[in-house]
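> Pasting the sequence and the predicted model now:
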Amino acid sequence: MAAKEIRTRFAPSPTGYMHIGNLRTALYTYLIAKHEDGKFILRIEDTDQERYVEDALAVIYKTLEMTGLKHDEGPDIGGPVGPYVQSERKGLYLDYAKKLVEKGEAYYCFCSKERLDMLKTNSETLKRPFKYDKHCLHLSKEEIEEKLNAGVPYVIRQNNPTDGSTTFDDVIYGRISVDNSELDDMILIKSDGYPTYNFANVVDDHLMGITHVVRGNEYLSSAPKYNRLYEAFDWDVPTYVHCPPIMKDAHSKLSKRNGDASFQDLIEKGYLKEAVLNYIALLGWNPEGTNEILSLQDMIKLFDYTHINKSPAVFDPVKLKWMNGEYVRKLSLDEFHSLALPYYKGVITKENIDLKKISELIQTRIEIFSDIPEMVDFFNELPDYDIEMYTHKKMKTNPEVSLESLTKSLPVIENIEDWNLESIENTIMNYIKDLGVKNGIVLWPLRTALSGKKFTPGGAFEIADLIGKEESIKRIKIGIEKLQK
């Protein structure tokens, strides 16, 4: 007998940005399917119409395309078990809910908002979690028919038992049992005719043949209610993979509401999509061995969902920056230069500066592309700086030593005829040799005068070559004037 095809689904709600937890769910879902040559399905869960955000669907498609998480079936490409948008499947959920009503596993509830509010107030007063009191479960068939015919608004609720327990298995958390007395009779069909998220995804997962369900561990408490639905329909229960949360720190979850970055934010900040995806994969899962730099193909080969950690993962911006730097260094110079160009614009406006040479200098020195403007702005214009920058203990320089050094170096630099990197370096190094002093005595003051910065990509020779002879002489003279005051 052939093994059952692995089918997983990523089922986001179109409510805005793609947060990091969402993207990790998509990635793990994709990897589970692809590791076994299975199918990865995209389904849009838009039953909560109040939270629908215009253009959110475009964000979902764009993020999956950018990260290479290519779906095999979905709203845009179709497939054998569509439609893949829940609002387009609206009609079928009510039929399935009615089947549960016939089996006694669900019931019509006609309670008014006022009555429900009163129950909630009572629960709060008693400091108990709100739980519906099954009031409408006891309505007779005639009473239900009468209310339905009269057009009284209703919802359909799941009929959970009040004694015994429900047990389910999770790949990460193991076997979990919950007392049925804790289970609320959750709503399956809302008064607007739309299914709740909880009901729709159970029905859709079954009809779409989903074998593995990946979601956050905040859904662990709902899993018993899902299981009871599968069992009520006599359907196979999928394999549950509940992932631990991604934390900002020891106390708070990563959250856009708290100003934490979404995937789009990270890309706009200058992170490479491959690095972000690689880092997110390691938030809860570790491959065997020490190599952490993994392509998507590497992840497909190595991913084992049974090795996902139980403990929360902490999002570490420092580690992400390091990893991004590793990816930046792996780029070809042409790839790097193409990605760096937008960051040069606005800070380097002089046309005579060779931007490709700047790319050669900075590629190994940056971790994220948004570091570039502050790193290269001095090529365009000398910033105002303090003369204390000329003091460097290791180089044995201070303002007095620097003034003498710059004053003596200026005519040497003015006499360089063929202005290029090799000529500048040879002339100044020969001059230092003739002086019989340590390199730093001449080079530190020179670099400071040319850049006005403590840290620069490249040294004095590279900076002088890039900004040109006239600008170099002008900046050295400014340095001398500063030091003479």
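Cool, the structure landed. Numbers count the residues shown, from 1 in each chain.

> Determine the three-state secondary structure at the residue lying closest to residue 202 once chain neighbours are set aside.
The shortest distance from residue 202 to any non-neighbouring residue, by CB to CB, 6 or more residues apart in numbering, is to residue 229 (4.8 Å). Placement of C-beta: from N, CA and C, glycine included. Secondary structure state of residue 229, per DSSP: H, G, I helix; E, B strand; the rest coil, is helix.

> which residues does residue 229 contact?
Shown in contact with residue 229 (CB atoms under 8 Å, 6 or more residues apart in numbering): 100, 105, 158, 199, 202.

> What about those, which are in strands?
residue 158 (DSSP state E).

> any chance of the contacts of residue 229 in CSV, plus neighbour count?
Below are these laid out as CSV (neighbours: other CB atoms under 10 Å):
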residue, neighbour count
100, 21
105, 18
158, 24
199, 26
202, 27
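
> picking up where we left off before, and the pLDDT at the residue nearest to residue 202?
Note for residue 229: predicted pLDDT of 97.

> Could you measure from it over to residue 330?
According to CB to CB, to the nearest Å, residue 229 stands 48 Å off from residue 330.

> Repeat that for residue 127.
Counting by CB to CB - residue 127 and residue 330 are separated by 56 Å.

> and these two? which has more neighbours close in?
residue 330 (13 against 6; other CB atoms under 10 Å).

> Report pLDDT for that one.
Reading off the model, residue 330 has pLDDT 97.

> Then residue 435?
The model reports residue 435 with a pLDDT of 93.

> So residue 110 is in contact with residue 136, correct?
Yes: contact criterion CB atoms under 8 Å: residue 110 and residue 136 qualify, at 5.8 Å.

> Show the low-confidence segments of the stretch 1-150 of the chain, by residue range.
Applying pLDDT under 70 to the stretch 1-150 of the chain flags residues 1-3, 49-50, 52.

> Kindly recompute the last result at 90.
Applying pLDDT under 90 to the stretch 1-150 of the chain flags residues 1-4, 13-19, 46-57, 87, 90-91, 129.

> All the strands of it, residue numbers only.
With DSSP state E, counting those that start in this stretch, the ranges of strands along the stretch 1-150 of the chain come out as 7-10, 39-42, 106-109.

> Residue 317: how many residues sit nearby?
Considering only other CB under 10 Å, residue 317 is surrounded by 13 other residues.

> mind checking how far it is from residue 369?
Residue 317 is 15 Å from residue 369, by CB to CB.

> With residue 304 instead?
Distance from residue 304 to residue 369, counting by CB to CB: 33 Å.

> With neighbour numbers in mind, choose between the two.
Neighbour totals were compared for residue 304 and residue 369, and residue 369 leads with 20 against 12 (other CB under 10 Å).

> Need the nearest residue in space to the more buried one, chain neighbours excluded.
Leaving aside its chain neighbours, residue 369 sits nearest to residue 270 (3.0 Å; criterion: CB to CB, 6+ apart).

> ok, that neighbour touching residue 373?
No: if you go by CB under 8 Å, residue 270 and residue 373 don't touch, sitting 9.9 Å apart.

> Between these two, which contacts overlap?
By CB under 8 Å, 6+ apart, residue 270 and residue 373 have these common neighbours: residue 343.

> Compare the two (neighbour count), which wins?
residue 270 (20 against 15).

> just checking, that one is part of a strand?
No: with three-state DSSP as the criterion, residue 270 is assigned coil and is not in a strand.

> dump the residue contacts of it.
If you count contacts by CB under 8 Å, 6+ apart, residue 270 has them with 343, 368, 369, 370, 371, 372.

> Is it possible to get JSON lines of those residues that adds secondary structure and distance to residue 210?
Below are these laid out as JSON lines (DSSP: H, G, I helix; E, B strand; the rest coil; distance: CB to CB, whole Å):
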{"residue": "343", "secondary structure": "helix", "distance to residue 210": "43"}
{"residue": "368", "secondary structure": "coil", "distance to residue 210": "37"}
{"residue": "369", "secondary structure": "helix", "distance to residue 210": "38"}
{"residue": "370", "secondary structure": "helix", "distance to residue 210": "39"}
{"residue": "371", "secondary structure": "helix", "distance to residue 210": "43"}
{"residue": "372", "secondary structure": "helix", "distance to residue 210": "44"}
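
> May I ask which two of those residues are separated the most?
The two members of the contacts of residue 270 with the most space between them (CB to CB) are 343 and 368, at 10.0 Å.

> hey, where'd the helices end up in the stretch 301-450 of the chain?
For the stretch 301-450 of the chain, the helices defined by DSSP state H, counting those that start in this stretch occupy 317-330, 333-344, 355-362, 372-380, 399-414, 421-435, 439-451.

> helices and strands around the first one, which ones?
I take that to be helix 317-330. helix 273-281 (3 or more CB pairs under 8 Å, 6 or more residues apart in numbering; DSSP states H and E).

> Could you give the separation of the helix it packs on from the chain centroid?
Put simply, helix 273-281 sits 8 Å off its chain's centre (CA atoms, centre = their mean, to the nearest Å).

> Can you tell me what sits against that helix?
Contact with helix 273-281 is made by 20, 23-24, 27-28, 31, 66-68, 263, 266-267, 292-296, 299, 303, 319-320, 323-324, 326-327, as judged by CB under 8 Å, 6+ apart.

> Just the residues you listed: which are in helices?
Among these, the ones falling in helices (DSSP state H) are 20, 23-24, 27-28, 31, 66-67, 263, 266-267, 296, 299, 319-320, 323-324, 326-327.

> quick one: the residue nearest to residue 24 when sequence neighbours are not counted from residue 170, how far?
Distances taken as CB to CB, 6+ apart place residue 280 nearest to residue 24, at 4.9 Å, with adjacent residues excluded. According to CB to CB, residue 280 and residue 170 sit 21 Å apart.

> again with residue 275
30 Å.

> which of the two has more neighbours?
Just comparing residue 275 and residue 170: by other CB under 10 Å the higher neighbour count belongs to residue 275, 23 against 17.

> gap between the nearest residue to residue 36 once chain neighbours are set aside and residue 41?
Distances taken as CB to CB, 6+ apart place residue 6 nearest to residue 36, at 4.2 Å, with adjacent residues excluded. Distance, residue 6 to residue 41, by CB to CB: 11 Å.

> Residue 222 now?
Distance, residue 222 to residue 41, using CB to CB: 21 Å.

> okay, the two: which has more neighbours?
Neighbour comparison, residue 222 and residue 41: the larger count goes to residue 41, with 25 against 15 (by other CB under 10 Å).

> Wait, that one touches residue 9, no?
Yes: with contact defined as CB under 8 Å, residue 41 counts as touching residue 9 (4.3 Å).

> shared neighbours, these two?
208, 210.

> Quickly note the distance from the closest residue to residue 14 other than its chain neighbours to residue 155.
Closest residue to residue 14 apart from its sequence neighbours, by CB to CB, 6+ apart: residue 56 at 3.7 Å. Between residue 56 and residue 155 the distance is 26 Å, computed by CB to CB.

> Residue 271 too?
On the measure of CB to CB, residue 271 and residue 155 end up 44 Å apart.

> And residue 308, by the same measure?
Remark: distance between residue 308 and residue 155 (CB to CB) = 36 Å.
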